[in-house]
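Undergrad: I would like to see how this sequence folds:
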Amino acid sequence: MNLLKNKEIKILFLIFIATIIIFTTILAISTKIQVEQYKNSANIAISNIVGLIKKEYSNVNDEEIVHILNNKEKSADGKKLLKQYGIDEDAYYIITMKNQERTTIIVNCTILVIAILILIVVFIIYLKHRYIKIDKLTRYIQKLSNKEYSLDIEESSEDELNSLKNELYKITVMLKETAEISVASREALSASVSDISHQLKTPLTSISILLDNLNESENMDDATKKDFLREISKQIKDMNFLVIALLQLSRLDAGVVEFLNEKISLPNMICEIKSNLEIMAEVKNVELIIKCKQDICIDGDYNWNKEAIQNIVKNAIEHANSKVTVDITENDVYCKIEIIDDGDGINENDIKHIFERFYKASNSSENSIGIGLSLAKDIIEKQNGYITVESKAETGTKFIVKYMKINM
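TA: Got it, this is the predicted structure:
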């Protein structure tokens, strides 16, 4: 991998070079200032000497002094004189300053070299660390492509690679959840197909047996034939309901249902449901009571909501002893429909499964398919509502449907 092709690395490299240039410039300026200070000190010393000579030896002219200062040859007499006062060549003031100047330059250059080396080492370590992290991310992405969803987030730094790592973690979680949902969906589909096969197999077998009897028994009396035909008609009706309900559920699961958004009068809808279930209630000798003090409305799809509530009321009638009450109320947050029966209630072990598809409670009738409540729940939840159930043995059952008010 060529890291210098990375735009961010190029920027970091330029910053690194700029830092070295700035640091070098500062040291150069500092060295120059120190050298100038040494020169000034030397000039001050020379000026003092020249001033003293001019004062004490007025017969010495300026040309001779300038010649002496510019003369590079050493004076034997001057050297001898300095030695008389214990000053040798190594102790010359000017030579000492020159040594200090040289030392300053060497120290500054050494500091500069060390600083550059440290920056280079740090930069190399950073690049190596970055390369390792990029390599890890690359290998992790390869794992993702092989559907291996595991990423350990340990670092808490906020650089761009850790941000990328965290984003990859989010994607991993999402992919993992999607994979798990996909597996669960396949398992649910397999279970549903198995349940559907079982649900269809029973009435088909019954119809097949009845038809065989009709075909093989030429001397069968008319009353028995009518009973057989009536049973066949009933089985076909049950199969028709099952197929329609399954089609509705599959459309809901696929998300292809486009719900209408219309004003629904709940009392009017319940009255229509009562009319549809009136014969069933009479046969079961169950009184259907509607309670509503005012015209309460919700926004939603009339036909789908009617289907959902009708399934719940139908279930209540099937399990009621003498009456089913539908109570409609509202407050500032939601509109509520309570469907209450006076039946034997739902077993505690059954109540948590009551909305599962094809689940039949212990007190369900033989003709129950176990799909009506599941369909009702799916419809209601897609209409900005939710459904709960309260029940105890021997005290009846209450289904509570709440439609939340979106525009409060």
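
Undergrad: from now on I want contacts and neighbour counts done on CA atoms only, so please keep to that.
TA: OK.

Undergrad: need phi/psi at Val389.
TA: The phi/psi pair for Val389 (degrees, to the nearest 10) reads phi -140, psi 140.

Undergrad: also Asn261?
TA: According to degrees, to the nearest 10, Asn261 has phi -120, psi 90.

Undergrad: next, count neighbours for the nearest residue to it once chain neighbours are set aside.
TA: Closest residue to Asn261 apart from its sequence neighbours, by CA to CA, 6 or more residues apart in numbering: Gly300 at 4.5 Å. Residues lying near Gly300 (other CA atoms under 10 Å) number 19.

Undergrad: contact partners for Gly300?
TA: 259-264, 383 (CA atoms under 8 Å, 6 or more residues apart in numbering).

Undergrad: put the buried members of those into a PyMOL selection.
TA: Here is the PyMOL selection string for the buried members of the contacts of Gly300, based on 16 or more other CA atoms under 10 Å:
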select buried, resi 264+383
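
Undergrad: can I get the contacts of Gly300 in CSV with distance to Phe16 and pLDDT?
TA: What follows is these, written out as CSV (distance: CA to CA, whole Å; pLDDT from 0 to 100):
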residue, distance to Phe16, pLDDT
Phe259, 62, 81
Leu260, 64, 84
Asn261, 63, 88
Glu262, 67, 90
Lys263, 69, 92
Ile264, 71, 92
Gln383, 61, 84
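
Undergrad: so of the contacts of Gly300, which ones are in strands?
TA: Residues of the contacts of Gly300 located in strands (DSSP state E): 262-264.

Undergrad: now do the SS call for the residue nearest to Asp344 when sequence neighbours are not counted.
TA: Spatial nearest neighbour of Asp344, excluding adjacent residues (CA to CA, 6+ apart): Glu394 at 4.2 Å. Here Glu394 is recorded as coil under DSSP: H, G, I helix; E, B strand; the rest coil.

Undergrad: for this structure, which segments count as strands?
TA: Here the chain has its strands, by DSSP E, at 262-265, 287-291, 297-300, 323-330, 334-341, 385-391, 397-404.

Undergrad: strands paired with the third one, and their directions?
TA: Going back to what we said before, that points to strand 297-300. Strand 297-300 has the following strand partners under DSSP bridges: strand 262-265 (antiparallel).

Undergrad: and the partner strand, how far out from the chain middle?
TA: 37 Å (CA atoms, centre = their mean, to the nearest Å).

Undergrad: please apply the same query to stretch 175-183.
TA: 14 Å.

Undergrad: mind listing what's buried in that stretch?
TA: So for stretch 175-183, counting by 16+ other CA under 10 Å, buried means 175-176.

Undergrad: ok, which of the strands of the chain comes nearest Leu137?
TA: strand 385-391 (43.2 Å; CA to CA).

Undergrad: what's the closest one packed up against?
TA: Contacts defined by 3 or more CA pairs under 8 Å, 6 or more residues apart in numbering; DSSP states H and E place strand 385-391 against helix 372-381, strand 397-404.

Undergrad: quick one: the residue nearest to Asn261 from Lys170, how far?
TA: For Gly300, the distance to Lys170 equals 35 Å [CA to CA, to the nearest Å].
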